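> Have a look at this prediction, sequence included:
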Amino acid sequence: MACRITELVLDCADPQRLAGFWCEVLGYVELDREGPNIEIGPPGRGFGGPQPTLILSHSTDPRRGKLPLHLDVNPTDRDQDAELRRLLAAGARTADVGQRGGESWHVLADPEGNEPCLQ
């Protein structure tokens, strides 16, 4: 038996803001709130479902450079260009991490500067 990822925990300054952003991006809903920390996940599934939940964990520690892990997202019901427009409208912004221009993906930044890629 192998393990599977059940939760991803992201330290952040403003869990409420990031929960709203990532709920919009992923179609997730708020599942739980413990103090300032918020867990979001697929509606009707929650923790233990086939997709991992995301915990936005409040932290006042300053971020030290680029995170060693980033999320890749893929549109499920529209093409990449339409999804890019949707994510930018939701509060993402484009990010430059040294792309050369021929990539098939877009590097974005969430409201706290985390850098997901839109595949």
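Looks like it arrived, so ask away.
> CA only for contacts and neighbour counts going forward, please
Will do.
> Sketch out the helices for this protein, chain order is fine.
Using DSSP state H, the helices of the chain run over 15-26, 80-90.
> Tell me which of those helices is the most buried.
Counting by mean count of other Cα atoms under 10 Å, helix 15-26 has the highest mean neighbour count of these, with a mean of 18.
> tell me what that one is packed against?
In terms of contacts (3 or more Cα pairs under 8 Å, 6 or more residues apart in numbering; DSSP states H and E), helix 15-26 is packed against strand 29-34, strand 37-41, strand 53-58, helix 80-90.
> Other residues contacting the second one?
Under the criterion Cα atoms under 8 Å, 6 or more residues apart in numbering, residues 15-16, 19, 23, 28-33, 46-47, 51-58 lie in contact with strand 37-41.
> quick one, that strand and strand 53-58 angle?
Our comparison of strand 37-41 with strand 53-58, counting by axes from the mean of the first three to the mean of the last three Cα atoms, to 10 degrees, yields an angle of 160 degrees.
> now the angle from strand 37-41 to strand 29-34?
Using the same axes, to 10 degrees, the interaxial angle of strand 37-41 with respect to strand 29-34 works out to 150 degrees.
> Describe which strands strand 37-41 pairs with in its sheet and in which direction.
Taking DSSP bridges as the criterion, strand 37-41 sits next to strand 29-34 (antiparallel), strand 53-58 (antiparallel) in its sheet.
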